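Participant: Attaching a predicted model along with its sequence, questions to come.
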Amino acid sequence: MVNEPNSPRDEEEKRLLVVLEQVGRRMRKELSLLGDRREDVVGIRQEFWDDVRMNFSDSTEVGETWSSIVQQAELLAERERSHRVASEAVERLTKQFDSPYFARIDFAEKDSGTEVIYIGRASLVGEDGETFFVYDWRAPVSSLFYDHEPGPATYRVPDGRMEGELKLKRQFVIRGGQMKHMFDTSETVGDEILQAVLSEGSDTSMKSIVATIQKEQNWIIRNEKHKLLVVQGAAGSGKTSAALQRIAYLLYRFRETLGPDQIILFSPNPVFKGYISRVLPDLGEANMKQMTFRELIEARLGRRFEVEDLFSQTEALVAAEGTAEGEARERSVRYKGSEHFFITVENYLKRLEQEGVRFRPLRFRSMTLVSAEEMSQQFYGIRAADGFGTRAAGVRRWLLERIKLWVDSQMDEQWLEEAAELVDGEEIQRAYVDVRRRGGFHDEAFDDEDQMSARLRRRVAEQAVAPLVKAVRSFRFLDAVSTYRELFESRSLFSSCSPDGVQPVGWEWMLQRAELTMGRKVIDHEDATPLMYVLEALEGFRRVEGDIQHVFVDEAQDYSPFQAAYLRRRYPRARLTVLGDFNQAIYIQSQESGGFGGWTRLMAPEATSVLRLTTSYRSTEPIVRYTKLILPAADAADITPFQRDGEAPRLFPCKDGGQLGERIAEDIIGLLGRGYGTIGVITKTAYETGNASALLKEQLPDDVPVTLVTGGSAELPKGVSVLPAYLAKGIEFDAVLVWDASLAKYGKEKDRKLLYTVCTRALHVLHIYHTGEASPWLPSEK
Ligand SMILES: Nc1ncnc2c1ncn2[C@@H]1O[C@H](COP(=O)(O)OP(=O)(O)OP(=O)(O)O)[C@@H](O)[C@H]1O
């Protein structure tokens, strides 16, 4: 296409060339710097030892040798640093050459001329240090692009708001330095480009959305006012995307004081962790810390107990469905994730300030050094107002002293003498060195032998009690398990702590279960966080991570009130960004807590903001319309599809599992042929996943890779992935093939959200297979 001379397109193309020339110039400079620095680094490394004066003849020379090594090492580190900076700059410039900017706004400040501003992923400043060829998308002025249509507009600056008029909004698609597309828009961010982006195939990792951030997403990204930001967003409404853009924004906005290691994101599972790990590096930022809640539990309880994880709990519940035992367990899981139980435990902790903390006696062989009663007296002898932490630390000090005194008292005891006689030569040697160091073995000393033997006995005694000392140091004398279990052992205690004086149905079963599991050092998942909470409370929450400034929690609807409260305690200084969708609450543990109750209670209302995202961007309009019908009408009312065409979801009844496998295999071949790069075959449980992948591997030709995604997988490959519903959380596929959405599998009310979550993973194609009767939650009309 030939452009009219001086047409807007012609003008923009000319300007693009000017910008690219700037990028090119900067690139040349950085490359030559990079070359010099690389040579520097290699040179210093090679000559490191040549330039260091090595002289060990006396202590002055050694000192000088040392300082020349330090000097040389510092020089090397400094050059390596600047080499790294230069290579990062080259990387950034390469991306800028590909696509230097994606938008232009013309803004007329009040009583001032019009400024033309180009917005890109990173800024580009001219050699004079003043001309801004491109502004970073996170700069204050760039928010005009995301927040306003042409007309009166304002944006925030450090000392207030800048007012004026937005005269023009223009969007560009530039790839490989070529202008592919350009248009003016009267919307906040033009739908045309968004549609084009959303129609692309999905990748195995998430993309950044800088060029098409929507107004309501921008509010989340740039919110600085609230300490707690809670986002309820429909499936595919961009919660995770907004969270990651927000992290990038915060790192830019507070670059002087905030580093990526001060931000933690809690993700639902290891697959998701890998899935999102590319977004920040793509934006030129280092990744934040990522964790799963499971890792916190493992770190705290994993060494002493065998702790069940959420996925195993889910599988166990499904396997026991329909049995009396299964029902009782499900009731227990529901209850322990409820607000009622959380308040009961909080009340119990208050009561423990007065009485009831259980202690483990300090025993050595068959001797009791300190009884549980003595510890209790000591603990409750310290003022309650000082808190559990001070009391526990007081008891710890006292116990360490008691151990020391006990060792002293044992010096002439038979057991010690016997043990000392059995020690090996090395120990004797050490005792000898010890006595010498303390001035023994001089001519006039006549009791050296006695001293040696006393030293030896002391060493043996100290070694014998070392495990006790270690246990005391790590507060093992506090018996959190018994203290927690006590709540289920005494009916009257439970009632007095319960907010309404009532015990849950199945309380006796919970007691028996606790005896059965905890007695064998096994912790059910539903007990893990409450137990960890009690344990930490008794120690005074000393494992805080005060340097963490921001905590992000994705899929927050799956957290129990205990988990929310625990995170708040663990990161006391952090601001919290919590994102979730109550329609995707798939775990029993969080179904009683009613969405976000556990979160919104964490901070004062004035420090809290609750935002909603209702437009669903992931799936085509027909898929969004269909999946809405899976939910109760009231819960789906707010969900709005973004206008994008596609084929209607389809249901495939099959006569048995074998036929289901065959038909899905055929379907996969067809979909791959149509160019869909990621296909997710989603089952309800991991148990089914194994069968499904085996069946598919049998049916499909060898050149079609089928990957079985398990709880431990951290990568999502291209091609066909077979995975259980709970591992598909948060991620997406071009095509989703639901494995057996039958009445038998998804027949209960509690399966409804799970089925919704599974179906909303689809971008372009949703095919639902079932044997027997279809799940009643699937809409009959398509
Ligand atoms: N403003 C946007 N521009 C372009 N793509 C977007 C935008 N917002 C969301 N998307 C795309 O929509 C899809 C869903 O986004 P995301 O995974 O962030 O949603 P979510 O709310 O976390 O979903 P879920 O709760 O279902 O896991 C992604 O492919 C994302 O890239």
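Facilitator: Ah, there it is.
Participant: contacts and neighbour counts: CA atoms only from here.
Facilitator: OK.
Participant: Surely residue 233 and residue 617 touch.
Facilitator: No - between residue 233 and residue 617 there is no contact under CA atoms under 8 Å: 11.1 Å.
Participant: Give me the sheet partners of the top strand by length along the chain and which way each runs.
Facilitator: For the chain, the strand with the greatest residue count under DSSP state E is strand 160-175. In the sheet, strand 160-175 lines up against strand 103-109 (antiparallel), strand 151-157 (antiparallel), strand 178-184 (antiparallel) (DSSP bridges).
Participant: which parts of the chain sit against the ligand?
Facilitator: 194, 198, 207, 209, 212-214, 233-241, 617-618, 730-731 (CA under 6 Å from any ligand atom).
Participant: among these, which are in helices?
Facilitator: Of the residues of the chain next to the ligand, the ones assigned to helices by DSSP state H are 194, 198, 239, 240, 241.
Participant: What is the nearest of those to residue 367?
Facilitator: residue 240 (57.0 Å; CA to CA).
Participant: burial measure for residue 531, as a count.
Facilitator: The tally of other residues near residue 531 (other CA atoms under 10 Å) stands at 22.
Participant: Setting aside sequence neighbours, what's the nearest residue to it?
Facilitator: residue 484 (6.5 Å; CA to CA, 6 or more residues apart in numbering).
Participant: count of neighbours near the one you found?
Facilitator: Residue 484: 23 neighbours (other CA under 10 Å).
Participant: so it sits right up against residue 529, yeah?
Facilitator: No - taking CA under 8 Å as the definition, residue 484 is not a contact partner of residue 529, at 11.4 Å.
Participant: about what we covered before: so which of the strands paired with strand 160-175 comes closest to residue 767?
Facilitator: strand 178-184 (34.1 Å).
Participant: Could I get the CA-only coordinates of that closest one as PDB?
Facilitator: Listed next in PDB are the C-alpha coordinates belonging to strand 178-184 (Å, rounded to 0.1, in the frame of the first residue of the first chain):
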ATOM      1  CA  GLN A 178       7.700  -2.300  10.400                       C
ATOM      2  CA  MET A 179       4.500  -0.500  11.000                       C
ATOM      3  CA  LYS A 180       1.800  -3.300  10.400                       C
ATOM      4  CA  HIS A 181      -1.200  -1.400  11.600                       C
ATOM      5  CA  MET A 182      -2.200   1.900  12.900                       C
ATOM      6  CA  PHE A 183      -5.500   3.500  13.800                       C
ATOM      7  CA  ASP A 184      -7.100   6.200  15.900                       C
END
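Participant: Show me the helices in the stretch 51-200 of the chain, by range?
Facilitator: 59-98, 143-147, 191-199 (DSSP state H, counting those that start in this stretch).
Participant: Of those, flag the one that's most buried.
Facilitator: Comparing the helices of the stretch 51-200 of the chain by mean neighbour count (mean count of other CA atoms under 10 Å), helix 143-147 comes out on top with a mean of 23.
Participant: Show me the contact partners of it.
Facilitator: 103, 105, 137, 153-155, 166, 169, 188-189, 213-215, 218 (CA atoms under 8 Å, 6 or more residues apart in numbering).
Participant: what's the answer for stretch 261-275, then?
Facilitator: Contacts for stretch 261-275 (CA under 8 Å, 6+ apart): 204-206, 247, 288-293, 547-555, 711-716, 727, 729-731.
Participant: Now intersect those residues with the helices, please.
Facilitator: 247, 293.
Participant: Only whichever of the contacts of stretch 261-275 are buried, select them in ChimeraX.
Facilitator: Selecting only the buried entries of these in ChimeraX, with 16 or more other CA atoms under 10 Å as the criterion:
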select :204,205,206,247,288,290,291,292,293,548,549,550,551,552,553,554,555,715,716,727,729,730,731
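Participant: circling back: need the ones in helices among the residues of the chain next to the ligand in CSV with distance to residue 28 and pLDDT, can you?
Facilitator: Listed next are those as CSV, based on distance: CA to CA, whole Å; pLDDT from 0 to 100:
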residue, distance to residue 28, pLDDT
194, 34, 83
198, 36, 82
239, 39, 94
240, 37, 94
241, 34, 94
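Participant: re earlier: how close does the residue nearest to residue 531 sit to residue 493?
Facilitator: 12 Å (CA to CA, to the nearest Å).
Participant: re earlier: what's the angle from the longest strand of the chain to helix 59-98?
Facilitator: 70 degrees (axes from the mean of the first three to the mean of the last three CA atoms, to 10 degrees).
Participant: pLDDT weak spots in the stretch 101-250 of the chain?
Facilitator: Along the stretch 101-250 of the chain, the parts satisfying pLDDT under 70 run over 187-190, 201-202.
Participant: For residue 43, the count of nearby residues, please.
Facilitator: Using other CA under 10 Å: residue 43 sits among 12 other residues.
Participant: re the thing from before, report the buried residues of the longest strand of the chain.
Facilitator: 163-175.
Participant: the domain parsing of this protein - what is it?
Facilitator: Residue ranges for the domains of the chain, per automatic domain parsing: 8-98, 362-473, 621-771.
Participant: Quick one: neighbours of the residue lying closest to residue 371 once chain neighbours are set aside, just the number.
Facilitator: With sequence-adjacent residues excluded and distances taken as CA to CA, 6+ apart, residue 371 is closest to residue 361, at 4.6 Å. For residue 361, the number of neighbouring residues by other CA under 10 Å comes to 18.
Participant: Which per-residue confidence value corresponds to residue 361?
Facilitator: Looking at residue 361, its pLDDT stands at 94.
Participant: which residues touch it?
Facilitator: The contact partners of residue 361, taken as CA under 8 Å, 6+ apart, are 368, 369, 370, 371, 372, 375, 477.
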